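Chemist: Everything below, folded, please.
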Amino acid sequence: MEVAMNPRQQLLLRKIKERNGSFPSAPNPMLRDAARFLAFTPERSLSQIRAMTIYESAKLMPLAFDPDSLLAGEHFNHFFGDDRDGGDEEKQRQLDELGDFRLAELRETARQLRSCRSAVSPGESTPGSRTGMAGGWPALPAGTGGAAPVFTAVGWVENHSVRDYGFLLKHGFGGLRRLAERQLERFPLHNCDYVRRENFLRAALAVCDAGLLFGRRHAELARQAGAAETARNCLAVETGAKSFPQAVQLLWLGHLIACADDGINANSIGRLDRLLQPYYEHDRAQNLITREEAVGWMIELAVRLYLPYDVQAITLGGVDADGKPALCEMSRIILEATERFGEIRDLSVRITSQTPDDFLMQCAKLVLKGGGIPFFFNDDCFIPALANRGVAPEDARNYAPIGCVELTIPGKANSHAVSGWFNLLRVLELTLFGGCDPRTGERLLPESPDLAGIGSWDELMRRLEQNIEYMASRMVYHCRREERNQRLFGSLPAFSLLTPSCLERGRDITDGGAEYNWHSICLLGVPDTADSLAVLKRQVFESRQLPAEVLLDALKHDFSGGEALRGQLLAGTPKYGNGDDETDRIAAELSRSFIALMDRWSEKGNRLFVHLFSFYNNVYFGEAVGAMPDGRRAGEPLAYSLSPHQGRDREGVTMLLRSLAKQPHREAGGASAAIIDLHPSLFEGSNGAGRFIALLRSALAMGVGQMQWNVVSAERLEQAKRDPEHYGNIPVRVAGYSQLFRLIPPEIQDHLIARTKHRA
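Modeler: Residues are numbered from 1 along each chain as shown. Now for the predicted structure:
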């Protein structure tokens with residue numbers, strides 16, 4: 001019999017869902033700006049002001065004790081003094097009350113601090129380096145004029161991390177403060193690096209003080225409410241956790257402080273089972289906690305982490321630093337709690353061929369409920385991918401995904417998740433048209449012949465490779481340029497505090513404090529580019545049945561009047577995702593070649609890890625590309641990550657896995673990603689979960705890297721789109737995250753419906 005949440009947990013979830021997350025029920029709309037105002041003094045650096053803003057927020061934030069909750073604490077405001085909620089009477093009343101608090105001066109100070117990045121120029125960029133670059137996120141919107149972009153460069157890291165929460169659980173904010181003080185005392189004033197260290201360490205001390213104040217305020221509130229145990233748990237901020245409840249409470253308070261620095265988004269928890277197992281073992285040995293109580297605490301944490309769009313990733317399983325299986329009782333407890341929670345929760349499982357069937361059965365039952373949870377990472381792929389790129393083997397074995405599927409080393413890496421986004425199909429389009437945009441005529445690449453002037457397959461591939469390098473160099477330049485800008489203007493004191501090497505080195509994580517520093521570069525459009533290249537190879541260069549001039553004209557006009565030709569392109573050449581060796585080889589070589597390019601441009605302390613992942617940008621980057629030789633019409637979405645172009649994988653799930661397995665997962669240091677959509681009929685009967693485990697083990701044995709399994713029918717999704725009020729609350733795997741179908745933008749809903757749902 002399935003066990004759900006108890007009434008208290010259900011009530012708590014209802015209250016949190018009403019607030020769209022674990023936020024105060026009556027937030028102060030000017031809290032963050034008031035905190036910035038109080039934090040600002042001319043003597044403080046930007047890093048210290050940012051840290052003191054967290055401290056002042058912890059001081060100003062209105063607290064409330066909820067008797068229905070085991071955990072104390074809510075997130076700080078998720079709005080920043082703007083007018084988004086101006087229609088809310090309660091917030092307007094609070095704004096009026098703040099009129100006596102020098103409101104105009106407060107807002108002006110906050111505005112200046114928010115604009116400091118743009119107020120000080122980082123210097124002129126290299127002329128021509130912005131060619132092909134998107135003017136916004138994720139790409140230029142329609143109608144802005146000019147040629148559509150090839151890449152986006154972010155370079156700036158915020159709210160994408162896995163902090164070292166184990167470091168916090170061991171020491172508490174009090175212990176971390178003492179460590180920072182000792183580091184400050186290690187060097188004399190005349191030391192050449194003292195000023196830099198002092199700047200960072202004083203910011204770290206302010207974050208420690210914020211954590212201590214936040215915990216003590218909650219402890220006092222709980223004491224006044226007669227909740228003595230909650231009060232004791234909150235005081236773990238002073239000395240670290242000594243019990244399982246204290247560990248969960250301290251982790252939650254630490255997560256709130258961490259997110260106060262740079263927002264929630266994809267700031268993730270990491271390997272929660274490994275973090276909590278020692279405390280669980282201790283309390284069980286002392287008969288201080290039952291297994292059911294531990295499940296209850298994990299349900300409570302899941303409730304607190306709830307967001308309508310949730311990418312605060314938790315990771316289970318995997319191996320330890322010595323390579324031994326790390327699966328433990330907490331792994332099973334957290335998985336059970338996730339199932340009983342019943343809502344979407346960002347949960348990953350690291351697996352190998354040695355992962356036991358009973359744990360996979362627990363995973364399978366959750367997957368078959370729909371929603372794509374949990375998703376699976378193949379340790380045999382990603383540990384070598386990291387270890388072969390400068391990460392120590394023992395650290396590589398401790399990897400965890402950020403948010404969707406972005407790999408990092410918790411507490412040791414500044415991984416610049418999703419730092420660059422590169423549209424491979426767009427480069428092929430420009431190559432076919434001699435470097436010019438076929439819609440605007442604008443030149444984006446050096447002058448070269450169009451497809452009609454390219455004499456052979458080898459010449460086409462050589463020119464494509466040159467053009468990829470031309471555009472990729474500009475993307476990497478801007479990623480590294482933004483990294484430098486963040487070093488100047490965007491320190492992350494709370495992130496740095498929970499990165500032990502930052503304390504040891506006396507440097508912010510944006511300033512060389514982490515042990516590892518890399519940029520995760522997302523490569524989009526591999527399946528689509530492979531499909532188009534396969535058509536060109538077979539129909540243009542080998543059989544010569546398709547004249548290049550005819551094809552180019554059809555592409556320019558988006559196949560207007562050329563449906564017969566489009567049918568030939570769609571059906572005349574096997575597509576990626578169906579086990580065809582030739583097309584799959586092209587796809588694998590595209591990925592491998594780009595990885596080799598990024599490896600070649602990597603330097604010690606600033607590597608470039610390729611991330612074979614699109615997020616939902618496959619939809620928006622698809623808008624930038626016209627009709628292509630694979631029969632794809634202008635503006636259609638690209639394929640999701642390494643999954644086949646929607647609707648083209650028609651030879652069954654085994655052939656799909658064969659295509660996926662040929663990709664270089666063991667070389668993708670940023671991770672790979674694929675969503676595999678399965679029709680529910682595939683798992684009908686009493687052994688449905690067993691069939692899923694067999695499929696999963698086959699994928700592992702083949703060498704597929706990261707897998708997200710959607711069990712849903714197109715008919716069910718179409719019903720949800722027609723009537724979202726009655727049928728829209730269906731959880732689905734979208735693009736590295738799961739969400740209720742009714743909350744997904746219409747263009748992405750259409751993409752999900754179009755993806756193949758494999759049957760038996």
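Chemist: Using CSV, write out every CA atom in stretch 428-440.
Modeler: Extracted as CSV, the C-alpha positions of stretch 428-440 are listed here (Å, rounded to 0.1, in the frame of the first residue of the first chain):
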residue,chain,number,x,y,z
LEU,A,428,26.3,24.8,-40.9
GLU,A,429,23.6,27.0,-42.4
LEU,A,430,26.0,29.9,-42.7
THR,A,431,28.6,27.6,-44.3
LEU,A,432,26.1,26.4,-46.9
PHE,A,433,25.4,30.0,-47.9
GLY,A,434,29.1,31.1,-48.1
GLY,A,435,29.2,32.8,-44.7
CYS,A,436,26.1,35.0,-45.2
ASP,A,437,22.7,34.9,-43.5
PRO,A,438,20.3,33.7,-46.2
ARG,A,439,17.5,35.9,-44.9
THR,A,440,19.3,39.2,-44.4
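Chemist: which non-adjacent residue is nearest residue 9?
Modeler: Leaving aside its chain neighbours, residue 9 sits nearest to residue 299 (5.5 Å; criterion: CB to CB, 6 or more residues apart in numbering). (Glycine included, C-beta is placed from N, CA and C.)
Chemist: Could you list the residues in contact with the helix or strand harbouring the one you found?
Modeler: Assessed by DSSP states H and E, residue 299 sits inside helix 291-305. The contact list for helix 291-305, computed with CB atoms under 8 Å, 6 or more residues apart in numbering, reads 5-6, 9, 12-13, 16, 22, 69-71, 244-245, 248, 251-252, 269, 280, 284, 312, 329-330, 333-334, 336-338, 340-341, 343, 345.
Chemist: Restrict those residues to the buried ones and give me that as a PyMOL selection.
Modeler: If you want just the buried ones from these in PyMOL, going by 16 or more other CB atoms under 10 Å, the selection is:
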select buried, resi 5+9+12+13+16+22+69+70+71+244+245+248+251+252+269+280+312+330+333+334+336+337+338+340+341+343+345
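Chemist: and the longest strand along the chain, what does it pack onto?
Modeler: Determined from DSSP state E, the single longest strand within the chain is strand 516-524. Contacts defined by 3 or more CB pairs under 8 Å, 6 or more residues apart in numbering; DSSP states H and E place strand 516-524 against strand 413-414, strand 420-423, helix 424-432, helix 457-489, helix 581-601, strand 607-612, helix 617-622.
Chemist: what does stretch 153-161 rub up against?
Modeler: Outside stretch 153-161, the residues that touch it by CB under 8 Å, 6+ apart are 133, 137, 258-259, 262-268, 402-403, 406, 408, 414-421, 474-483, 485-486, 490, 492, 495, 510, 519.
Chemist: per-residue pLDDT, the spatially closest residue to residue 469 that is not a sequence neighbour?
Modeler: Leaving aside its chain neighbours, residue 469 sits nearest to residue 597 (6.4 Å; criterion: CB to CB, 6+ apart). Listed pLDDT for residue 597 reads 99.
Chemist: can I assume residue 597 is in contact with residue 472?
Modeler: Yes - using CB atoms under 8 Å, residue 597 is in contact with residue 472, at 6.3 Å.
Chemist: Can you list phi and psi of the residue nearest the centre of the chain for me?
Modeler: Geometric centre of the chain, nearest residue: residue 403, 3.2 Å, by CA atoms, centre = their mean. Per-residue torsions, residue 403: phi 50, psi -100 (degrees, to the nearest 10).
Chemist: coming back round to it: how much space separates the residue nearest to residue 9 from residue 740?
Modeler: Counting by CB to CB, to the nearest Å, the separation of residue 299 from residue 740 is 19 Å.
Chemist: Between these two, point out the one with more neighbours.
Modeler: Neighbours per residue (other CB atoms under 10 Å) separate residue 299 from residue 740, with residue 299 holding more: 26 against 19.
Chemist: just to revisit the earlier point, you'd agree the residue nearest to the centre of the chain is up against residue 348?
Modeler: No - between residue 403 and residue 348 there is no contact under CB under 8 Å: 10.2 Å.
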